[in-house]
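[1] sequence first, then the predicted structure:
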Amino acid sequence: MPDKPKVAFYWCASCGGCEEAVVDLAEDILKVVEAVDIVLWPVAMDFKKTDIEARPDKSIVASFINGAVRTSEQEEWVRLLRKKSQVVVSFGACANSGGIPALANQSTTEDIMKYVYEDSPSNDNPAKTRPLTECEDEGRTLTLPSMHGMVRSLDQVIDVEYYLPGCPPTPKLIMAAVQALLTGKLPPVGTVLSPDMALCDECKRKDSKPADLALTEFKRPHQVIIDPEKCLLAQGLVCMGPATRAGCEALCPGGNMPCTGCFGPTSRVKDQGAKFVSSVFSNIAPKEQKEIDAMLDGIPDPIGTFYRYGLSKGLLRRKLN
Amino acid sequence: MTEKFEPRIVAFFCNWCTYTAADLAGVSRLKYAPNVSVIRVMCSGRVDPQFVLDAFARGADGVLLGGCHPGDCHYAEGNYKTLRRMRMLERMLKAMGIHDGRFRLEWISGAEGEKVRTVINEMTEKVRALGPLDLPGKTLEWDKELKELEAHVNQSAPKEEAVHAR
Amino acid sequence: MSDNKNKQADLPRVGFYICHCGSNIAGTIDVVEVSKYVSGLPGVAVSREYKYMCSDPGQEMIAQDIKDHKLERLVVAACSPNLHEETFRKAAAKGGLNPFFFQMVNIREHASWVHTDKGAATQKAMDLARAAVARVRHHQSLEKKRVPVDPNVLVVGGGIAGIHAALTLANAGKKVTLVEREATIGGHMALFDKTFPTLDCAACILTPKMSAVKSHPNIKLWTYSEVEKVEGYVGNYKVKVKRKPRYVNEDLCVGCMECIDACVFKEAKFPDKFNQGLGKRKPVYIDFPQATPKVVLLDPQTCIQLKTGKCKKSCAEVCDRKAFDFEQKEKFEEIQVGAIVLATGFKAYDAKRDHQYGYGRYPGVYTALEIERLVNASGPTSGEVVLRDGKKPKAVGIVHCVGSRDAKSNKWCSRVCCMYSLKLAHLIKEHSDAEVYNFYIDMRTPGKGYEEFYDKLLSEGVHFIRGRVSDVTDWAVTPEEEGRLVMRVEDTLAGFVRRIPVDMVVLSTGLEPQHDAQEVRRRFNIGCGSEGFFQERHPKLAPVNTFTDGIYIAGACQAPRDIPDTVAQAGAAAAEALALIDAGFVELEPNTSHVIEDECSGCKSCIPLCPYSAISFEENKKKAIINEVLCKGCGVCAAACPSGSIRQNLFEDDEIFSEIEGVLAK
């Protein structure tokens, strides 16, 4: 039997949603399994690192890696997969741009450790014990992965051929990517595998957006009863759709929630948060600094709002201390 | 640090007011600090917050943005759009640990050559006092951990490789 | 070597030129060092320094190099692009290169002239040059758009500047609309009795020009009107004019003035604005006999019919032309013009602001404009120099520099006050037997025949005292001072403080920007200097141009000036407008924005941002589209497009990002 193309799935700092998305392929997953030979998929199958290490370089056709890179272990794994793979697909928002984990780039590792092991109210750790990367136990040296100083996107650690955007990527986009890989009909290296246009293009509410929007107040979804038909921005809700890549077919606006930007920006934009700010805030109504500031107070956490999935790839990458 | 720190400040000046004011400062032979390099745009409204972040990311210690006074924009209201965006950007910069004085928005009319001098001198001193921001240097520093691990991975023979117990 | 470098990087071939500007640049910046440095940058095929890049040989060198070295991009480091960008674009075109494959680096106004540390200035020049080299690679081939110019002209302000500009343009065959805020044209000059230094009567030389305006077939005269709104761009302005109601039909009134006699007010009892409040007028009035147009008007503040609707309207009754229309409302008219000349004049300094001189407190204190009316034969006293109480002054003191050359009010010299003070001294002497004292700081008489006029006055028995008057007081300390005004002054030539009793004090008030100069300049989208006068494009080389193409300035709205200079400037402004119109078209800077259709998501974020409504939503395609003729190139939409789908020519993201990268690269 001729060898089926070998494919690996791996996860780094992620929530497991991306794995779920693969399972969400439903019956289509059988087609995938039929067509490929899965050599690594920690969530579902038992393979060890040595199995991968034993493989010849570039022997895996494609590795789909989700999650951001936060620890030394994740870094080692992705470097290993890079070496063994012909193509690496950065899978999902965390791998692409840090995702939710990258919001930790607003804190130092020390702050995080201190909170988690000492200050968190649910802690009972009077000795203030912290995990060690290395310790001696009955004469043997035990090691644990170390935390990196910051959360990185996958492509900040290894070269990546393609990106599947989303938190998580939709089954439709995953299927299209797998098919492109299997048929060899691949776009240029570096391509994000979804339409290079903003989400409004796909949004059913698009027609309801007025051409003379001048916002006077920002509201948060829990504060209002959201009109299910009308443009969310026009309702004063921070909808990142205009600054977010299309491809999800406006799932969140379809579910009556504003887009939070998980698909990242279009290829023409370097910093999704800054660009969104440039667009939406140009169009607010107040002119006086005081009124402007009062209106901005409606957005209590700008970084968490505008960089919810992309802080690692923002131009500043992390908070400076 | 042995030599005096010389801040590098990138300025975006609108063509009609602040750039003209800087020209006027020149014609009037006013003397000011050489730390600011001006990038000309037609209107301060052309300045995308991305430009400001990019300048910081590429090594600017400060970013100065100059436009016409409110009500005086050559393009009617471009400077109001600038003001609104930049008020938000300032909050974001603060949240990201970029200190107050490193970003400055000033309204300088074509007649205010003197103000160009004052603002540039003040800002240069302020940023000098804050010290280098040096994001490119910091990035290299942050990414050192990657380089170290990369070297470690490369030197270990694949078969012996076992970082954590199995 | 540089050839290898180019091939390696596959970059366009850049030519770099740095100008010495004599020693203006080379005195502070090591141009040789910069040139050497830039020659090592990727893609740079030629790097040269030259004494004067803007000279013919300099431009020729660029053009020749473009051909010889197959240059694809051009960077010139010299003065401000506001000065010579066009020059070097032409040089590029001459060499066969698209003129927009060019970037200018400002190392004179922004570096050599403002820095003293040569090392730092040289470093800055290198940084800026590197940024330009990085940027210019991304430049696109562009073309200037040609737009036809509307041949009609608007002149705003009907003083001597506006009159002269309008007549010049009309004589050249252009259709002119002259808009004047007051009921008559003539401006300040119409208030004057005589003009210095020739002492010809102001009315005699002005009124023929006023009637020429009225009768000129090419001039539409709209008095009692104001410009409300200006839209459009060079060659194609749309102007909305408010025409205030006179309550008299301008086309019917022949100016017989019988209505004024017939008014129910038998005596004139309201202050006459034209005569500076020294005379009285009725609710129906005409400013002065030669007012143009010679049409009466009603003052709604004082006319009984307009105030209460209960008057016998005897004025209207005697009018056999049936010109009265008490129901007249203000109306708005729109005109299209290609060029606009602003000649909105000045405001005289408010003498009340200098409390020490007692204007408004002592009846014997007058402003110079009041004296102009007093000495005028058609003025309120028919030319007799008498005080408000009818007495003849025995001594008159003229204070120069009121509201001029004073750190507390206006720093500038108003240029005309010395001369008109001399003129008034002469006229007062001519019209009375009074002793006349001139109190001056410096006597400034530059101008043809001006110094000679001063000499003449010196021989006429006028007293000249050098010193700034400290105050005017009625506090007498000697019997001789009793009941008179005492002027206290340090006579800086004699070296002691003097008290000079007089009966009449004349304050030679300076010239200030009009009270609404700021609103007006905003309406026309031009600038003001720090003192508030309209800002010329260049103080020497473009004194009647503004930063807004197609809008020109003339007369005292730009700075204080006398009549000869005003007329010369009005002629210059008219000539500039003619040059624009007769070219037939304007070339618009191609820095407009455009939407990349395939990239636009139709989010409409850009649409409300455009101040010119140049962006619209294409309903069929559900995408934004920019009308490039309406676009003025501010780039606000490009900065705001959340998906990066709008590009501004000459200021594309790539260009600016590479400029940032370049300026910061070490």
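    In hand now; what should we look at?

[2] show the low-confidence segments of chain B, by residue range.
    Under the criterion pLDDT under 70, the flagged ranges of chain B are B:1-2, B:154-166.

[3] what about 90?
    Along chain B, the parts satisfying pLDDT under 90 run over B:1-4, B:70-77, B:99-100, B:111, B:146-166.

[4] nearest the geometric middle of it, what residue?
    B:V63 (2.7 Å; C-alpha atoms, centre = their mean).

[5] which stretch of helix or strand covers it?
    Per DSSP states H and E, B:V63 falls inside strand B:62-67.

[6] counting neighbours, what do you get for C:S23?
    Residues contacting C:S23 under the criterion other C-beta atoms under 10 Å in any protein chain shown number 10. Where C-beta positions appear, they are placed from N, C-alpha and C, glycine not excepted.

[7] state the distance from it to C:S112.
    As for C:S23, its distance to C:S112 is 9 Å (criterion: C-beta to C-beta, to the nearest Å).

[8] the helix or strand hosting A:V280 near chain B anywhere?
    Secondary structure assignment for A:V280, by DSSP H and E: helix A:272-282. Yes: judged by C-beta under 8 Å from any C-beta of the partner chain, helix A:272-282 comes into contact with chain B at A:273-275, A:277-278, A:281-282.

[9] in those, which residue is surrounded by the most others?
    Within the residues of helix A:272-282 next to chain B, neighbour counts (other C-beta under 10 Å) peak at A:S278, which reaches 32 neighbours.

[10] quick one: is the strand holding B:V63 near chain A?
    No: counting by C-beta under 8 Å from any C-beta, chain A has no neighbours in strand B:62-67; the shortest distance is 12.0 Å.

[11] continuing past that strand, what's the next helix or strand?
    With DSSP H and E, the next secondary element past strand B:62-67 is helix B:78-95.

[12] quick check, that next one touching chain A?
    Yes: counting by C-beta under 8 Å from any C-beta, chain A has neighbours in helix B:78-95: B:80-81, B:83-85, B:87-89, B:91-92, B:95.

[13] contacts only, for the residue of chain C found nearest chain A.
    Nearest residue of chain C to chain A: C:G644, at 2.8 Å (C-beta to the nearest C-beta). Neighbour list for C:G644: A:265-269, A:275, C:599, C:653 [criterion: C-beta atoms under 8 Å, 6 or more residues apart in numbering or on different chains].

[14] most surrounded residue in the residues you listed?
    A:P265 (29 neighbours).

[15] how about the nearest residue to that residue, chain neighbours excluded?
    A:Q272 (3.9 Å; C-beta to C-beta, 6 or more residues apart in numbering or on different chains).

[16] wait, the one you found touches A:I303, no?
    No: the pair A:Q272 / A:I303 is not scored as a contact, 11.9 Å apart, by C-beta atoms under 8 Å.

[17] please identify which of the two sits among more neighbours.
    Set A:Q272 next to A:I303 and count neighbours by other C-beta under 10 Å: A:Q272 wins out with 28 against 20.

[18] residues in contact with A:Y163?
    A:89-90, A:95-96, A:155, A:191-193.

[19] before we move on, which element is residue 61 in?
    If you meant another chain, say so; for now it's chain A. Using DSSP H and E, A:V61 falls within strand A:60-66.

[20] was after chain C, sorry
    Going by DSSP H and E, C:M61 is in helix C:56-68.

[21] again with A:K114
    For A:K114, the element it lies in under DSSP H and E is helix A:109-114.

[22] look up the closest residue to A:G17, ignoring the ones flanking it.
    Once flanking residues are discounted, A:G17 sits nearest to A:P168: 4.5 Å by C-beta to C-beta, 6+ apart.

[23] mind listing what that neighbour touches?
    Applying C-beta under 8 Å, 6+ apart, we find A:P168 in contact with A:17-18, A:20-21, A:66, A:92-93.

[24] rerun that using 6 Å as the cut-off
    A:P168 makes contacts with A:17-18, A:21, A:92, as judged by C-beta atoms under 6 Å, 6 or more residues apart in numbering or on different chains.

[25] so which of those belong to helices?
    Using DSSP state H, A:17-18, A:21, A:92 are the members of the contacts of A:P168 that sit in helices.

[26] excluding its backbone neighbours, what's nearest the residue of the stretch 151-300 of chain A at minimum distance from chain C?
    Relative to chain C, the nearest point of the stretch 151-300 of chain A is A:R268 (2.8 Å; C-beta to the nearest C-beta). Nearest residue to A:R268, sequence neighbours excluded (C-beta to C-beta, 6+ apart): C:G644, at 2.8 Å.

[27] let's see the pLDDT reported for that neighbour.
    In this model, C:G644 is scored at 97, pLDDT.

[28] what sits up against the helix or strand of chain A with the lowest mean pLDDT?
    Within chain A, no helix or strand scores below helix A:28-35, which has a mean of 88 by mean pLDDT, DSSP states H and E. Here helix A:28-35 makes contact (C-beta under 6 Å, 6+ apart) with A:175, A:178, A:182.

[29] most neighbours among the residues you listed, which one?
    Within the contacts of helix A:28-35, A:V178 tops the neighbour count with 23 neighbours, counted by other C-beta under 10 Å.

[30] quick check: that one vs chain B, distance?
    Using C-beta to the nearest C-beta, to the nearest Å, one obtains 28 Å as the distance from A:V178 to chain B.

[31] that residue in helix, strand or coil?
    Secondary structure, DSSP: H, G, I helix; E, B strand; the rest coil: A:V178 is helix.

[32] what is the burial count for A:G98?
    Counted with other C-beta under 10 Å, the neighbours of A:G98 add up to 32.

[33] on the three-state scheme, the closest residue to it other than its chain neighbours is what?
    Excluding its sequence neighbours, the residue lying closest to A:G98 (C-beta to C-beta, 6+ apart) is A:S312, at 2.7 Å. Using three-state DSSP, the secondary structure recorded for A:S312 is helix.

[34] mind listing what A:S312 touches?
    A:S312 makes contacts with A:97-98, A:102, A:151-153, as judged by C-beta under 6 Å, 6+ apart.
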